[in-house]
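Participant: Need the 3D shape of this:
(one chain, ligands or ions: 2)
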Amino acid sequence: MLGEWLDCTLDEQRDTSRQGTFASGRFAISAPGVLRLTPHRQRPDAHACIFSAAIHGNETAPVELIGRLLSALEAGTLTLGAPVLVILGNIPALKAQQRFVHTNLNRLFERGLSASGDEPDRARELMAEVDRFFDDYAELPRLHYDLHTAIRASLFPRFVVEPYADSDTHSEQWRWLAAADMQAVLHQHQHSWTFSHYSKHYHGAQSFTFELGRVAPFGENDMAALQPMLALISRLGEGMPPEAGATASVPYFRVQHELMRHGDAFTLCFADDTPNFTRFAPGTCLAKDDVSGEFRVGDTPLHVVFPNANVETGARAALLVAPCAPPAE
Ligand SMILES: O=C(O)CCC(=O)N[C@@H](CCC(=O)O)C(=O)O
Ligand SMILES: [Zn+2]
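Facilitator: Numbers count the residues shown, from 1 in each chain. Ligands and ions are numbered 1, 2, ... in the order given. Here you go, the predicted model:
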């Protein structure tokens, strides 16, 4: 049944039904780690909802959050009123409790991807699942929340990344995110081929990457802090309008520059435990690279997000961001 699906995804030896019913809907496993929930009665405010987790295998809080949603549906304390696609992204990495096995899955969501290997194959499988789900509910507004946790501490422990795309984010989303206790918003300045970008760019979905605290092993996540987030996905699962908060208090940032690792001897010039959103003054040296040289902050201060010197060469080693005005209401 629903509650067992997470465990069975991690343990192929355990048998589980591939489809069945629960009090308010039907479920079907359409691919490994992909669970489709169909309501018996779809509510008028329903979105076609995708909730994904474990695109990075060591980010366990989102998996626990989705487990709570499924348990509530199974227990009948929550009534499914919207179609929901639940995705566990990188199953081998989740089993190994690693960010990825061979390469970062969250850089591969691009149509026409030609790379070969386990993660590229999984990206193709997940893109096809997303396409099929949104096609099947073409009449409904589309929504994709891709749930993550960050490697390091953050001055804003819970925040969202808004992927770059031509389509707009609806203003109600900002109010829902504020009520879900998201503490900052980061606007991407260019295409990034992440999973949330895929849904927004190719399907016009309301789509975000959520950072829900810091990476921790199963059982060690601060789930109390994620209660408002659970309330948001639960309301969406019910097909009901979520609670709306005040957006005025949420700081907005825009990416100014992607710091890339080009050489083997790439280093960041600040401490490993520097929290996300730490501000650096003009002139500060942020990185040294044996291929591209030094990177220094220009005339305006920059805040650093997701710094990671240990990425593959050619990959993003940090986002450098600056505060910006909130989107118009
Ligand atoms: O904490 C970190 O350094 C990484 C956390 C993480 O996995 N972040 C996502 C953000 C995706 C986006 O830019 O929308 C990632 O790097 O894939
Ligand atoms: Zn992640």
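
Participant: who's in contact with the closest residue in space to residue 170 that isn't next to it in sequence?
Facilitator: The spatially closest residue to residue 170, leaving aside those adjacent along the chain, is residue 206, at 6.0 Å (C-beta to C-beta, 6 or more residues apart in numbering). From N, CA and C alone the C-beta is placed, and that goes for glycine too. Residue 206 sits next to 47, 141-144, 169-170, 173, 200 when contact means C-beta atoms under 8 Å, 6 or more residues apart in numbering.

Participant: now residue 281
Facilitator: Residues in contact with residue 281, defined by C-beta under 8 Å, 6+ apart, are 297, 301.

Participant: Tell me the bridge partners for the residue nearest to residue 170.
Facilitator: According to DSSP bridges, the partner residues bridging residue 206 are residue 143.

Participant: gap between it and residue 307?
Facilitator: Applying C-beta to C-beta, to the nearest Å, one obtains 28 Å for the distance of residue 206 from residue 307.

Participant: Residue 231 too?
Facilitator: Taking C-beta to C-beta as the criterion, residue 231 is separated from residue 307 by 31 Å.

Participant: Please say which of those two ends up with more neighbours.
Facilitator: When neighbours are counted by other C-beta atoms under 10 Å, residue 231 and residue 307 differ, and residue 307 comes out ahead with 24 against 16.

Participant: that's a helix at the more buried one, yeah?
Facilitator: No: residue state for residue 307 (DSSP: H, G, I helix; E, B strand; the rest coil) corresponds to coil; a helix is not indicated.

Participant: Apart from its chain neighbours, what residue comes closest to residue 319?
Facilitator: With C-beta to C-beta, 6+ apart as the measure, residue 305 is the residue that lies nearest to residue 319, at 4.4 Å, once sequence neighbours are left out.

Participant: if we can go back for a sec, neighbour-wise, which one of the contacts of residue 206 leads?
Facilitator: Ranked by neighbour count under the definition other C-beta under 10 Å, the contacts of residue 206 are headed by residue 144 with 28 neighbours.

Participant: quick one: secondary structure of the closest residue in space to that residue that isn't next to it in sequence?
Facilitator: Leaving out its chain neighbours, the residue that sits closest to residue 144 by C-beta to C-beta, 6+ apart is residue 199, at 3.7 Å. Of the three states, residue 199 takes helix under three-state DSSP.

Participant: again with residue 226
Facilitator: Under the three-state scheme (three-state DSSP), residue 226 adopts helix.

Participant: Enumerate the helices of this protein by residue range, in sequence order.
Facilitator: 2-10, 61-75, 91-96, 118-136, 171-179, 195-203, 227-238 (DSSP state H).

Participant: Tabulate these (a markdown table), appending mean pLDDT and distance to ligand 1.
Facilitator: Supplementary listing: those in a markdown table, determined by pLDDT from 0 to 100; distance: least, C-beta to the nearest ligand atom, whole Å:
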| stretch | mean pLDDT | distance to ligand 1 |
| --- | --- | --- |
| helix 2-10 | 85 | 20 |
| helix 61-75 | 97 | 11 |
| helix 91-96 | 96 | 12 |
| helix 118-136 | 98 | 12 |
| helix 171-179 | 95 | 14 |
| helix 195-203 | 98 | 6 |
| helix 227-238 | 98 | 16 |
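
Participant: since we're on the closest residue to residue 38 other than its chain neighbours, how many residues are nearby?
Facilitator: Once its chain neighbours are removed from consideration, residue 38 has its nearest residue in residue 26; the separation is 4.7 Å (C-beta to C-beta, 6+ apart). Neighbour count for residue 26, taken as other C-beta under 10 Å: 14.

Participant: Next: the one 3 residues further on.
Facilitator: By the measure other C-beta under 10 Å, the count of residues near residue 29 is 18.

Participant: Let me know the pLDDT of it.
Facilitator: The per-residue pLDDT reported for residue 29 equals 94.

Participant: beta partners for it?
Facilitator: When bridges are assigned using DSSP bridges, the partners listed for residue 29 are residue 35.

Participant: Would you mind giving the domain segments of this protein?
Facilitator: 2-249, 258-324 (automatic domain parsing).

Participant: can you pull the buried residues of stretch 310-324?
Facilitator: Using 16 or more other C-beta atoms under 10 Å as the burial criterion, the residues of stretch 310-324 that qualify are 311, 316-321.

Participant: Going by distance to ligand 1, which of the contacts of residue 206 wins?
Facilitator: Each of the contacts of residue 206 was scored against ligand 1 by C-beta to the nearest ligand atom, and residue 200 proved nearest at 10.2 Å.

Participant: and the gap between the closest one and residue 65?
Facilitator: From residue 200 over to residue 65 the distance is 21 Å, taken as C-beta to C-beta.

Participant: How about the contacts made by residue 110?
Facilitator: Going by C-beta under 8 Å, 6+ apart, the list of residues near residue 110 reads 193, 198.

Participant: mind redoing it with 7 Å?
Facilitator: residue 193 (C-beta atoms under 7 Å, 6 or more residues apart in numbering).

Participant: next one: phi and psi at it?
Facilitator: Main-chain dihedrals, residue 110, degrees, to the nearest 10: phi -130, psi 130.

Participant: pLDDT wise, what is residue 248 at?
Facilitator: What the model reports as pLDDT for residue 248 is 76.
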